[in-house]
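In: what shape does this take:
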Amino acid sequence: MPTFDHRGFCRDFENGSIYWTPETGAHEVHGDIRVKWAQLGNWLGYPTTDETSCPDGHGRFNHFEHGSIYWTPEVGAHEVHGAIRDLWASIGWETSHLGYPTSDEHDIVGGRRSHFQGGDIAWTPAGGAVVQSRID
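Out: Model (predicted):
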């Protein structure tokens, strides 16, 4: 069937969906990552990868046009995008000392923050994205 914005097509199956656009190709989304993606609405865009195992063999992810969703059984599915995602990627994604995201990106005074297993990444317009010790 055509997608909501008529950029491509979608096929739903019992355990997941496949989305196709000329720009992204065809990619499947399923499970908790699919649920999270649906909960977020359309701002992450279309999948640019199939759901894939992480290098550590524990978690899973899908990349989308405007961010990623990572999942583990312990912390569930959480989105990461923008400068926070870029910094996390540059230090090694989930294999870094930060581990997996434990929250979606959210507002803080003067910027944005994502929580990870081993700390946080905060972003402000003045300072950009920086790794921080856990702030609870």
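In: identify the residues contacting the helix or strand encompassing residue 112?
Out: Residue 112 belongs to strand 111-116 when assigned by DSSP states H and E. Outside strand 111-116, the residues that touch it by Cβ atoms under 8 Å, 6 or more residues apart in numbering are 78, 80, 82, 84, 88, 98-106, 120-125, 127, 134. The C-beta positions use only the backbone N, C-alpha and C, and glycine is treated the same way.
In: repeat that for 7 Å
Out: For strand 111-116, the surrounding residues in contact (Cβ atoms under 7 Å, 6 or more residues apart in numbering) are 80, 84, 98-103, 105-106, 120-125.
In: which residue ranges form the helices in the chain?
Out: Per DSSP state H, the chain carries helices over the ranges 31-40, 82-90.
In: which of those sits closest to residue 70?
Out: Ranking these by proximity to residue 70 (Cβ to Cβ) places helix 31-40 first, at 8.2 Å.
In: that closest one - contacts with which helices or strands?
Out: Judged by 3 or more Cβ pairs under 7 Å, 6 or more residues apart in numbering; DSSP states H and E, helix 31-40 is in contact with strand 67-72, strand 76-80.
In: just the CA atoms of the longest one, as CSV, please.
Out: Output of strand 67-72 as CSV, limited to C-alpha atoms (Å, rounded to 0.1, in the frame of the first residue of the first chain):
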residue,chain,number,x,y,z
GLY,A,67,18.1,8.9,13.7
SER,A,68,18.3,5.4,15.1
ILE,A,69,16.4,3.1,17.5
TYR,A,70,18.5,0.8,19.7
TRP,A,71,17.0,-2.1,21.8
THR,A,72,18.1,-4.5,24.4
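In: quick one: contacts for residue 7?
Out: Contacts of residue 7 (Cβ under 7 Å, 6+ apart): residue 21.
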